[in-house]
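Participant: Below are the sequence and a predicted model for it; my questions follow.
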Amino acid sequence: MTNEKEEKTILMYLDLCSKIEGLCAELYHYYSDLFHEDEECSRLWKKTALEEENHQKLFELAIRLICECDVELIADYEKASRVYRKLINLLPHVQQTPPDIFLAITKAIEMEESLVVLHIDSALKFKDEQVHNMFKALQTYDKNHIDSLRHYQAILFLPKTEMAG
């Protein structure tokens, strides 16, 4: 069982991760609106934003379960805190200076890759295997985000061809 100080640190970590997911969702909703003229692109950003909102809910569930589960924090709280501060600064920056689609997609992939280490499967160890497996799916979703974004990035960087008239 965790002591009170460890439990408080775990709760703070989960809350921070929940906020990070919320900021990612906000960023992706913004990109969905920003790139609305490209329907496929807008749909990809919207889908990813909604998945980030689901991740946020998963962290909120973990917060509610923490009192009932024996859990150990493996991740570095300070690292998560730095990621959070970067995202807090990123949102107003991209809103004031909107990126083009190439930069947005490239930076989103980099961000998603850096967020994988913050997630529950690599950040927390639940002693209860069923609870642990329930949260393990989060990492799979992040891999899918990265794969979807990379796929769209590859399409963006394909050479444009002229249609035969």
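Facilitator: Alright, I've got the coordinates. Numbering: from 1, shown residues only.

Participant: ok, now which ones touch the most centrally placed residue in the chain?
Facilitator: Centroid-nearest residue in the chain: Glu21, 4.9 Å away (criterion: CA atoms, centre = their mean). Glu21 makes contact with Glu52, Glu53, His55, Gln56, Phe59, according to CB atoms under 8 Å, 6 or more residues apart in numbering. Yep, even glycine has a C-beta here, placed from its N, CA and C like the rest.

Participant: now the nearest residue to it once chain neighbours are set aside: how far from Leu124?
Facilitator: Counting by CB to CB, 6 or more residues apart in numbering, Glu21 lies nearest to Gln56, which is 3.8 Å off, once chain neighbours are set aside. Remark: distance between Gln56 and Leu124 (CB to CB, to the nearest Å) = 16 Å.

Participant: Neighbour count: these two, which is higher?
Facilitator: Comparing Gln56 with Leu124 by other CB atoms under 10 Å, the one with more neighbours is Leu124, at 22 against 19.

Participant: okay, the more buried one: pLDDT?
Facilitator: Looking at Leu124, its pLDDT stands at 74.

Participant: Can you give me the neighbour number for the residue nearest to Phe126 when sequence neighbours are not counted?
Facilitator: Once flanking residues are discounted, Phe126 sits nearest to His132: 3.9 Å by CB to CB, 6+ apart. Residues near His132, counting by other CB under 10 Å, number 16.

Participant: Now do the helix or strand encompassing His132: distance to the chain's middle.
Facilitator: His132 is part of helix 129-156, with elements assigned from DSSP states H and E. Computed by CA atoms, centre = their mean, to the nearest Å, the chain-centroid distance of helix 129-156 equals 9 Å.

Participant: What is that helix packed up against?
Facilitator: Counting contacts by 3 or more CB pairs under 8 Å, 6 or more residues apart in numbering; DSSP states H and E, helix 129-156 is packed against helix 39-65, helix 101-115, helix 120-123, strand 124-126.

Participant: want to try CSV for the ones you listed, with distance to Val94 as columns?
Facilitator: Shown next, in CSV, are these (distance: least, CB to CB, whole Å):
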stretch, distance to Val94
helix 39-65, 12
helix 101-115, 8
helix 120-123, 26
strand 124-126, 30
